[in-house]
Each structure stands twice: as C-alpha cells, then as structure tokens.
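> Below are the sequence and a predicted model for it; my questions follow.
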Amino acid sequence: MENLDKILASVDPTLPSAIAASIIDKKIDILAEKLARTPTDAYEWLSSMCGLPFIGKFTVSKDVTAILPDKILFEYVCLPIDLEENRQGLIFAWPPDTTMKKWIRAATNLEFVYCLGPAQDIRKFINERFGVGAGSFVDAEGNEGLVSKVETVQEDEDAVVIKFVNELIKQALNDRATDIHFEPQKNSLQIRYRIDGALVPVSLPPNLVLYQAAIISRLKIMAKLNISEKRRPQDGRIAFRSGDKAIDIRVSTLPIAYGESISLRLLNLGEAPVELEGMGLGKKEFDQIVNAITRPHGIALVTGPTGSGKSTMLNACIRKIRDPEIRIITVEDPVEYEIPGINQCQVQSDIGMTFASALRSILRQDPDVIMIGEIRDAETADIAIRASITGHLVLSTLHTNDSAGAVSRLCDMGLEPFLLASSLQLVIAQRLVRKICSHCAKPVNYTPEELEYALRALRIDPTHEIAYSDKIRAGTGCDHCKGGYRGRIAVHEVLVISDKIQQGIIKGAAAREIRVMALNEGMRTLQACAWEHVKQGKTTLDEIMQFADKNNMEE
C-alpha cells in the first residue's frame, strides 16, 4: 500500500491529507465524495487500484479473539473472515499499510488473505460482539496491544473514560440517535439510545460498571457542571465536534437510587433546517397554517407530548414568515435552532428570567411576531393572550393530547373565555410516527376483517378505505434501518377557530363539544392523517395503531 497516497493524489492532491486526518470509518466516505460515487462504488474502485478484493457480504470466523488480539480489531477496524478452500481472510475498512501487516504477522504468526469490506458492517459487528467503545478498555484491563501509531502504552483511567465517552457519542450520531441515556442500576450501568423515538439498548463492554463513577464525572466536566454536587439535578451543555459535524448537546442530571441518571439530547447544528413545506402537511392544513401565521395579530399554538416535534414546527413557521420588514423575537428554553435575522432569547430561571418576565420585556422591544417556547403557567398564558389582542402575532406550544384540549387547558389556567375566543386563531396537534425503511419495504396482506377492525379502532369509516389494503407496506429489517423503520414523519390535526367555535368557547363549551364542531366543519383528525401516510406507503398500520381507541370504537 506504499503507493496508496499517490493513487489518492491522482484523484485530488488534497485527498491523502484529508483521509489521513479522518477516522477509519469515514475514509471511504471522503473518497466517495471526491469520486462522486456511492461508497460501494468507491470501494470497488479502491479495490481495483490496490489489488485487494472487495467483499460486500462476509462471514466472520467463529473464534474471532483466538485468531486476532482485541486491540488490533478495535484500532485497525478489521475482522478475521472465512474464505473458500479453508483460507483465512482478514477484512479491513481501509487498506492496511506495511507496518500494520508486520504487527499483525508478529501478533498472530498467521498468513492472511487481505480484503476490503464495508466499514459500517465491520464496525457494527465489532460493536455488537464487544460493545460500543470496548477498545477504550483493552489496555485498562491489562491486555497488551497495539495503538494506531504502533506503540505499546498504558492508558490511565482518565484517558480510557474520555475515549469511551467520545466513541459512545460518535456511535450515537452514526446511528441517528436523538438522545443518550446513562442509567445506573444496582450492579451495572445501562446506556440506551433513542432512535426514531424508540429506546434501543447499547451493547457495552462487560467491565463498564468499574468505570461508572468516572464516566458520570466525565460527562459533568464536559457540560461544566459541579461534579461534587450529587444531590440536586443540574443542567448544562456540551459543544461536541465529530469530524466536520458540530453537535450541541443538552445535558440533564438527576439523582436516582444508584447514582446519577444523565440524559444527553443531541442537536446537529449542521443539519439542514426543516421548512414548513417539508413537515408532511396536507395541502388544506398547509394553507390553513399559512393563513394563520401571516395575520398581523392573534395566537397560534402547537400541542403534543414531549418529543413530538413542536419546536421544529414553530421554527418552520418562523422561517416561513421571516422578512426584513418584520421584527421577530423568540424566548426559548433553550434555543435549539439558530435562525438568521431573528432575535432569540433564552430563559434563565436561576436569575429570575422566566418565560413570563422575558415576555414582559419583549413587549417593550417593539416586536411584530413573538415566539414563546412553551406556555407553562397562567402568568405566561395571560401575557401571551393579551399581547395577541394588542397587535402582535404570538406563536407558542402547549402540552395537550389533541387540538381541542388546548382550549380547555388555557381556560383551566384562568384565562377569560371571551379573551381566548377573540385571540386564538389556530391549534395544531402533532405527533411523530416512524417511517418505513425504503430499502426493505414490502407489501403486507391484511384480511378484510383485520383491516376493518383497525380502521374502526382509528375511528375511520372502512366503507371506502378497505380498497386501499394493497397499498399497505412494512419494513422487514435490514442494515440500513432499525427493525424496518428509518426516520420519522409528522402527523397533524389542525383546528381553525371559526365563528361557531368562538361562540362555543365564550359559552364555556367542553373540549369534546369543540372537537365535534371542528369535525363537522371538516377538520381532519390525527388518525385520519396517519392513515393517509399508511396509504401513501410512508408508515405502517402497526405504527399508527397508537392512535386507536379500541375500547370505544363508536363515536
């Protein structure tokens, strides 16, 4: 491989240094970008240039660690594989150099057939077999091995923990996780990723519990928290960089029975912002929302549980209406998405800067549009409503199960119904459902009886919908997804405050009555929106059954 740099330089003079500075798992991605090819095509090209066979699907040898020392597996990202005619292969994510081959020969005294294989598949096997970040603990256990610069070193505990935490966060980013949860148990440390809304246990090294306290302390140091304070919850932030990705991590600690639980929320600052057009809205709902947020005054709310994409929807609305002639001010906790040209303010409760106090100051800043991250109390709700009837457009979120429930919640906070009726323009109820993986999606056959039951449970008239049974698909599970799902899509219910609904609010109508009025005026429910996504092959029937009412299938 002595000529590998010359081969890479022939493609682009800057390529050798760019690849040398990158981790092994990402080298092929850099090459593929320069070649304007897919990673698989880039491997085929590299294979022909270096004379190493590329194997897309491989069988790992049964006794991996007996063939190759753990440290070599972790540092070189390679695996022993079985080849035809009882030959022993060694598959790499990137071509090995002469020095690496010498150390492998010295450590094993075996002759290998060297091959190339997908870095993602090799890393996936290593993580599942040994645990994420297991390579950090090899030297700590007293095992001798090689490091990337082919030096034998004795890493101290701090260095081991730092490396493990970094590897864990990087793997979470590769897996598209939005959260990482560190949960101390009686005799272990449980770590889970949240991927597409579902919690996924992380495969971990068996000796991890020995480093539990050090891992928790490392995270608190990164977040600039008080490591000696273990009795009270703390909040902080970490600025993390992985390759060319800048990641903002929100950190929350909570004292529990066996230590401190730590949750990390990962926000990719380089990710393209979601525009309103990309929120998965139907044309009718899209037009209703645009009509409400382009008015000069009034209040529009987004409701739903935690993690349902309310902040993303608010920011998409702000991006839709921002204009040099409009002064927009936001108050958030925390500021999750930076929007150019917008004045964004962050809540700081420890110094008395709450949503309510910040909102009072904002009103003296001559805003046209105010975005409040969340209405949490009666004081914030009252100021927001009064701001909306004095010439300001107010956008905010609220925790309710459906759109009509927002009216009851605000009235329960003590707002006068006549004020609410005159200011509230629109309520968007939102949920997120997992999308079918496009790589392994296949048709699913339901019997007419099964489909009719599901539709009735979703409060959808099955008369004309049974005909769409051939449109239903589901993922079977593959290397590109988690259990047949990859990514999420929003489901919406848009309640427009009409004259009739205004009169109902003034008269103190209950949430159920308001909902019936809205349905009579053509509102599409969360269930109906979710079913549309099923008919379009975007999600599964099983996924949307979370909206079903199986105990009361008749309206």
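Thanks, I have it.

> per-residue confidence at Gly307?
Note for Gly307: predicted pLDDT of 83.

> need the contact list for the nearest residue to it once chain neighbours are set aside.
Spatial nearest neighbour of Gly307, excluding adjacent residues (CB to CB, 6 or more residues apart in numbering): Gly197 at 6.8 Å. Where C-beta positions appear, they are placed from N, C-alpha and C, glycine not excepted. By CB atoms under 8 Å, 6 or more residues apart in numbering, Gly197 lies in contact with Gly307, Leu432, Arg434, Arg488.

> And Gly197, how close does it get to Ile489?
Separation of Gly197 from Ile489 (CB to CB, to the nearest Å): 11 Å.

> Kindly report the same for Asp248.
To Ile489, Asp248 is 24 Å away according to CB to CB.

> could you point out which element follows the longest helix along the chain?
Counting by DSSP state H, the longest helix found in the chain is helix 157-174. Using DSSP states H and E, the helix or strand that follows helix 157-174 in sequence is strand 177-184.

> Would you pull up how far that next one lies from the middle of the chain?
On the basis of CA atoms, centre = their mean, to the nearest Å, strand 177-184 sits 12 Å off its chain's mean C-alpha point.

> That one versus helix 157-174: what angle between them?
Orientation check (axes from the mean of the first three to the mean of the last three CA atoms, to 10 degrees): strand 177-184 against helix 157-174 gives 140 degrees.

> Strand 177-184 packs against which elements?
Secondary-structure packing of strand 177-184 (3 or more CB pairs under 8 Å, 6 or more residues apart in numbering; DSSP states H and E): helix 157-174, strand 189-195, helix 212-222, strand 259-268.

> partners of the last one in the sheet?
Just to be clear, that refers to strand 259-268. Applying DSSP bridges, strand 259-268 is found paired with strand 177-184 (antiparallel), strand 245-256 (antiparallel).

> Not counting its own residues, what contacts it?
For strand 259-268, contacts defined as CB under 8 Å, 6+ apart pick out 169, 172-173, 177-184, 212-213, 216, 219-220, 230, 238, 245-255, 336.

> Out of the helices and strands packed on strand 177-184, flag the one nearest Val113.
Nearest to Val113, of all the helices and strands packed on strand 177-184, is helix 157-174, at 28.4 Å by CB to CB.

> quick one on the thing from earlier: need the overlap of contacts for Gly197 and Ile489.
Counting by CB under 8 Å, 6+ apart, the residues touching both Gly197 and Ile489 are Leu432.

> just to revisit the earlier point, hmm, which of the contacts of strand 259-268 are the buried ones?
For these, a burial check counting by 16 or more other CB atoms under 10 Å picks out 169, 172-173, 177-184, 212-213, 216, 219-220, 238, 247-253, 336.

> which residues of this structure score low on pLDDT?
Applying pLDDT under 70 to the chain flags the ranges 1-2, 134-157, 269-270, 272, 549-555.

> tell me the centre residue of it?
What sits nearest the mean C-alpha location of the chain, by CA atoms, centre = their mean, is Thr178, with 3.1 Å.

> Pull the contacting residues for that one.
Contact partners of Thr178, counting by CB under 8 Å, 6+ apart, are Arg194, Ile195, Arg265, Leu266.

> how about these, which pair is most distant?
Farthest apart among those by CB to CB are Ile195 and Arg265. That separation is 13.5 Å.

> Comparing the two, which residue is more hemmed in?
It is Ile195, of Ile195 and Arg265, that has more neighbours when counted by other CB atoms under 10 Å, with 22 against 17.

> Surely the more buried one touches Arg176?
Yes. Counting by CB atoms under 8 Å, Ile195 does reach Arg176; the two are 5.9 Å apart.

> Start from the N-terminal end of the stretch 51-200 of the chain and give the strands.
Assigned by DSSP state E, counting those that start in this stretch, the strands in the stretch 51-200 of the chain fall at 78-82, 88-92, 113-116, 177-184, 189-195, 198-201.

> give me the number of residues near the closest residue to Ser242 other than its chain neighbours?
Counting by CB to CB, 6+ apart, Ser242 lies nearest to Lys170, which is 5.1 Å off, once chain neighbours are set aside. Applying other CB under 10 Å, we find 20 residues neighbouring Lys170.

> I'd like the distance between Lys170 and Arg123.
10 Å.

> Kindly report the same for Gln430.
From Gln430 across to Arg123, the span is 35 Å (CB to CB).

> neighbour count winner among these two?
Taking other CB under 10 Å, Gln430 and Arg123 do not tie; Gln430 has more neighbours (24 against 18).

> What residues are bridge-paired with that one?
Beta-bridge partners of Gln430, as defined by DSSP bridges: His492.

> give the contact list for it.
Per CB under 8 Å, 6+ apart, neighbours of Gln430: Val302, Thr303, Gly304, Ser308, Gly309, Lys310, Met313, Ala490, Val491, His492, Glu493.

> which of these lies closest to Ile104?
Among these, Gly309 lies closest to Ile104 (CB to CB), at 48.2 Å.

> tell me the phi and psi of the closest one?
phi 90, psi 20 (degrees, to the nearest 10).

> Give me the neighbour count for it.
If you count neighbours by other CB under 10 Å, Gly309 ends up with 22.

> Would you mind confirming that it makes contact with Leu432?
Yes. Taking contacts as CB under 8 Å, Gly309 lies within contact range of Leu432: 5.3 Å.

> Need the overlap of contacts for these two.
Each of Arg488, Ala490 lies in contact with both Gly309 and Leu432 under the rule CB under 8 Å, 6+ apart.

> On the three-state scheme, the residue nearest to Arg409 when sequence neighbours are not counted is what?
Sequence neighbours aside, Thr400 is the residue nearest to Arg409 in space, at 5.2 Å (criterion: CB to CB, 6+ apart). For Thr400, the assignment made with DSSP: H, G, I helix; E, B strand; the rest coil gives coil.

> Next: the one 3 residues further on.
With three-state DSSP as the basis, the three-state label of Ser403 is coil.
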